[in-house]
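Trainee: Sequence and predicted model, in that order:
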Amino acid sequence: MTLAIRPALPADAAIIASYNAAMARETEHLELDGSRLAHGVAAVLRDPSKGLYFLAEADGAIAGQMMITFEWSDWRNVVFWWIQSVYVHPDHRNRGVFRRLYEHVLAEARSQEGVCGLRLYVERGNAGAQQVYQRLGMKRASYEFYEVDFVISRSSD
């Protein structure tokens, strides 16, 4: 399999939105509002200050995706890149797609003077993903994650 990593283009919006919906369904058992999701993806593709999508393309098909968003660190006077909206199509899993996306983003982040590191969040029960992240050199942070979500309500809310 020949795999190329590239920035997403506006023409990729529909596939990105469909992969985001599939990821939410698989990992959190959520059905996202399709219209809201499509507008959210389009907003990122129009405005790079909101985030960046990278796509893994294998033989003309989108094998996977990763979105980067930004968190300003006043302690460091630079930004963290947050890895989000990761999805690898089932036909391409266990073939190094996530690793290639991660390595690409890591290299991009290291090449930017104003970036201090990468962060991501993962579901507590997703031990498989946690092992992958640790194998790639990421370390568990000392922080817990809390939120108030005005849009998506979960049964534990």
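Mentor: Cool, the structure landed. Numbering: from 1, shown residues only.
Trainee: C-alpha from now on. contacts and neighbour counts both.
Mentor: OK.
Trainee: Against which helices or strands is the longest strand along the chain packed?
Mentor: Secondary structure assigned by DSSP state E gives strand 61-73 as the longest strand of the chain. In terms of contacts (3 or more CA pairs under 8 Å, 6 or more residues apart in numbering; DSSP states H and E), strand 61-73 is packed against helix 13-28, strand 52-58, strand 78-88, helix 97-111.
Trainee: Give me the buried positions along the least confident helix or strand in the chain by mean pLDDT.
Mentor: Of all the helices and strands that make up the chain, the one with the lowest confidence by mean pLDDT, DSSP states H and E is helix 127-135; it has a mean of 92. In terms of neighbour count (16 or more other CA atoms under 10 Å), helix 127-135 has its buried residues at 130, 133.
Trainee: again, but for stretch 107-118
Mentor: Counting neighbours by 16+ other CA under 10 Å, one finds that the buried residues in stretch 107-118 are 109, 115, 116, 118.
Trainee: got any ranges where the protein has weak pLDDT?
Mentor: In the prediction, the chain carries residues with pLDDT under 70 at positions 155-157.
Trainee: what do you get if the cut-off is 90, keeping everything else the same?
Mentor: With pLDDT under 90 as the threshold, the chain has low-confidence stretches at 1, 27-28, 123-126, 128-129, 143-147, 153-157.
Trainee: As CSV, could you dump the C-alpha coordinates of stretch 127-136?
Mentor: This file holds the C-alpha atoms of stretch 127-136, laid out as CSV (Å, rounded to 0.1, in the frame of the first residue of the first chain):
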residue,chain,number,x,y,z
ALA,A,127,-6.9,0.6,26.2
GLY,A,128,-5.9,-0.3,22.6
ALA,A,129,-5.5,3.3,21.6
GLN,A,130,-3.7,4.2,24.8
GLN,A,131,-1.1,1.4,24.1
VAL,A,132,-0.6,2.8,20.5
TYR,A,133,0.0,6.3,21.9
GLN,A,134,2.5,5.0,24.4
ARG,A,135,4.3,3.0,21.8
LEU,A,136,4.7,6.2,19.7
